[in-house]
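[1] coords below, sequence missing:
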């Protein structure tokens, strides 16, 4: 690779890293081509970019970004997954496949200038999705209104039942 081509690649990767919500380092040694292809497809469906990048190029690319803390963990063959939109999406997919394939290891993540370990990344996976959180909040907002409507309707229902019962008694008499 020529110097100019490397500079362009580093600049492009640096732009992507600065815009990414999260970057996750993985070790993939032992995965065959079929499994890697399956992993890449699944990550792509979740709008996650996954690349195997030379360590030196990646170190240069994260310099000056909030992912710079990853440089001390860059060692050996690594894959990097990142997302521009959903910070939990790469963690969900990678956690799913790391359970199925012991060869795939989730090492570290960087987000908002903070470094996250494997246990913390696993905790992200247990968080509900954004849509799930929105549904819960909407349910909490609607619950008081629903309860109020039901309580307001209860006295009127009781009065209607009393009047209906009184009407039936007068008809029977």
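    Received, thanks. Given the structure is predicted, the values throughout are model-derived calculations rather than measurements.
[2] domain parsing for the chain?
    Following the assignment in automatic domain parsing, the chain carries domains at 3-127, 128-173.
[3] Spell out, range by range, the helices that occur in this structure.
    Ranges of helices within the chain are 3-19, 33-45, 55-62, 89-100, 118-126, 130-172, based on DSSP state H.
[4] any idea how far residue 40 lies from residue 90?
    Using CB to CB, to the nearest Å, we find residue 40 at a distance of 12 Å from residue 90. For every residue, glycine as well, the C-beta is placed using N, CA and C.
[5] which of the two has more neighbours?
    The residue with more neighbours, out of residue 40 and residue 90, is residue 90; 29 against 16, by other CB atoms under 10 Å.
[6] In TSV, list the domains of the chain along with mean pLDDT.
    Below are the domains of the chain laid out as TSV (pLDDT from 0 to 100):
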stretch	mean pLDDT
domain 3-127	88
domain 128-173	73
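[7] winner for burial among these?
    When those are scored by mean count of other CB atoms under 10 Å, the highest mean neighbour count falls to domain 3-127 (a mean of 17).
[8] Now do the phi/psi pair for the spatially most central residue of the chain.
    Nearest to the geometric centre of the chain sits residue 88, at 1.9 Å (CA atoms, centre = their mean). Note on residue 88: backbone dihedrals following degrees, to the nearest 10 are phi -100, psi -20.
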